[in-house]
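*Asks:* My questions concern the predicted model and sequence given below.
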Amino acid sequence: MNLAAEAFSHVDYLVTVALFLIGAWILLTSGNLVKKVIGLNIMETSVFAFIVTTGMIDDGAPPLLAAGVEGPFASPLPHALVLTGIVVAVSVTSLALVLILRVKAELGSVELDEIASAGEQPGAAAPPDSRGHAND
Amino acid sequence: MNNRKSARVLTMALMAALAVPLTYGVLQLPTPGQADAPAHSNVSAKYIEAGAELAGSENLVTGVLLNFRALDTFGEVLVIFTAWLAVAAVAGGAREAGQDSIPPSPIVDYVIRLLGPFIAIFAVFVIVNGHVLPGGGFQGGVVLGAMLIMLSLVLGTGVVEGVFSDRVWIWLRAAGVLVFAMVALLGLPAAGFLFGLGQAPALRQALMMALELAIGVGGGAVLAGLYFSIAGTHRS
């Protein structure tokens, strides 16, 4: 009973754990490179949600000290940290996407199965210098 | 196929092995939202108590970003600029002159053309009010970048990219890094340490505004540049 009450009061954190696991599952099991990037983004989002949740206060105000606004204020530090994290996530995502475009151009596919099977049969595989027009 | 099945079972086991300690650890944390949690009583309490005066910004998040943790933000600006460099290097060889493969519907075309100037004004508003209202350089920069990306979807990448020459685009993208480095070095003679913005309110306000504008312009230009590189990469 105690555990159920504990789980109920920490439901915000448990949702971020669930999101993290969903993202990790997609990242590990999906054979499509774009879906792997999406899984990575879900994992990143779960971490951001977790950090922001640590900074929130029940019935609190956002940390903007305008006239007439009274506390308690949410903690400004997690927000600033998450902003940094989002920028890094955008950078990683864009770099991953452009690398996937390159993989598609060189190997003709973004499915790991197809790339692997093309590698096994040398006749079917695109020669690396043909800029990937073999499969389309 | 059998191989894939065993991989799934293994992943399932790994997920379970991750889920148990994560859930256990999360349940040990203080209940979210409680005002007396350690997350609210040390650094954060100090920021809320004295941050507005010390940092010169009523938006405490902006104060933390541009003053208390300006070095972090400098790193952040460097990261996104480096990301653009890497993306441009990978995409670089395979660029094609931007042509639109999907003609947009007339309604989408009209609405985006109509909204463009308003989005730009909103972006500037978010940037210059970053110290009193929710927002700031990064947020405004993202709005600016989104506007450029939307316009290039309608008008074609070449038209939007052609507004400035490649040279000017590079300087715009580097604006965040360069202005941050300049302000950091200005702090040495002015206050004796990097990013010392001084105590004179007018000077401090001006420097923070410069930082915000640089982040906004640099961030927007970098985001648009990422899109141009990815959209211009050879499609097969």
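*Replies:* Ah, there it is.
*Asks:* which ones are touching the residue nearest the centre of chain B?
*Replies:* Central residue of chain B (C-alpha atoms, centre = their mean): residue B:138, 4.1 Å from the mean position. When contacts are counted by C-beta atoms under 8 Å, 6 or more residues apart in numbering or on different chains, residue B:138 is found next to A:83, A:87, B:215-216, B:219. Any C-beta I mention is one placed from the backbone N, CA and C, and that applies to glycine too.
*Asks:* On the three-state scheme, residue B:164 is what?
*Replies:* coil (DSSP: H, G, I helix; E, B strand; the rest coil).
*Asks:* Could you measure from it over to residue B:145?
*Replies:* Note on residue B:164: its distance to residue B:145, by C-beta to C-beta, to the nearest Å, is 14 Å.
*Asks:* about what we covered before: ok, of the contacts of residue B:138, which come out buried?
*Replies:* A:83, A:87, B:215-216, B:219 (16 or more other C-beta atoms under 10 Å in any protein chain shown).
*Asks:* longest helix in chain B, by residue count?
*Replies:* Taking DSSP state H as the criterion, chain B has its longest helix at helix B:201-232.
*Asks:* Kindly apply the preceding question to chain A instead.
*Replies:* Chain A, longest helix under DSSP H: helix A:76-107.
*Asks:* can that helix be found next to chain B?
*Replies:* Yes - contact of helix A:76-107 with chain B (C-beta under 8 Å from any C-beta of the partner chain) involves A:76-80, A:83-84, A:87-88, A:90-92, A:94-95, A:97-99, A:101-102, A:104-105.
*Asks:* in that helix, what counts as buried?
*Replies:* A:76-87, A:89-107.
*Asks:* Let me know the helix or strand that the most centrally placed residue in chain A is in.
*Replies:* Centre of chain A computed as the mean C-alpha position; nearest residue by C-alpha atoms, centre = their mean is residue A:41, 1.4 Å away. Per DSSP states H and E: residue A:41 is located in helix A:33-55.
*Asks:* From the contact counts, what lies against that helix?
*Replies:* Using 3 or more C-beta pairs under 8 Å, 6 or more residues apart in numbering or on different chains; DSSP states H and E as the contact test, the elements touching helix A:33-55 are helix A:11-29, helix A:76-107, helix B:38-41.
*Asks:* which one of those lies closest to residue B:5?
*Replies:* With C-beta to C-beta, the closest approach to residue B:5 among the helices and strands packed on helix A:33-55 belongs to helix A:11-29: 11.0 Å.
*Asks:* which residues touch the residue nearest to the centre of chain A?
*Replies:* Residues in contact with residue A:41 (C-beta under 8 Å, 6+ apart) are A:23, A:89, A:93.
*Asks:* now the helices for chain B?
*Replies:* Under DSSP H, chain B gives helices at B:2-28, B:38-41, B:43-55, B:60-63, B:70-92, B:106-128, B:137-155, B:157-161, B:166-191, B:201-232.
*Asks:* got a list of contacts for the fourth one?
*Replies:* Contacting residues not belonging to helix B:60-63 are listed as A:63-65, A:73, A:76, A:79-80, A:83, B:47-48, B:51-52, B:54-57, B:130-131, B:136, B:208, B:212 [C-beta under 8 Å, 6+ apart].
*Asks:* Give the buried subset of those as a ChimeraX selection command.
*Replies:* In ChimeraX, a selection of the buried entries from the contacts of helix B:60-63 looks like this (16+ other C-beta under 10 Å):
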select /A:63,64,65,73,76,79,80,83 /B:47,48,51,52,55,56,57,130,131,136,208,212
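*Asks:* Generate TSV for the contacts of residue A:41, with pLDDT as supplementary columns.
*Replies:* Shown next, in TSV, are the contacts of residue A:41 (pLDDT from 0 to 100):
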residue	pLDDT
A:23	94
A:89	94
A:93	94
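*Asks:* on that earlier part again, deepest-packed of the helices of chain B, please.
*Replies:* The highest mean neighbour count among the helices of chain B, using mean count of other C-beta atoms under 10 Å in any protein chain shown, belongs to helix B:60-63: a mean of 28.
*Asks:* what about residue B:17, distance to chain A?
*Replies:* According to C-beta to the nearest C-beta, to the nearest Å, residue B:17 stands 11 Å off from chain A.
*Asks:* how close does that residue get to residue A:93?
*Replies:* From residue B:17 to residue A:93 the distance is 27 Å (C-beta to C-beta).
*Asks:* try residue B:164
*Replies:* Counting by C-beta to C-beta - residue B:164 and residue A:93 are separated by 25 Å.
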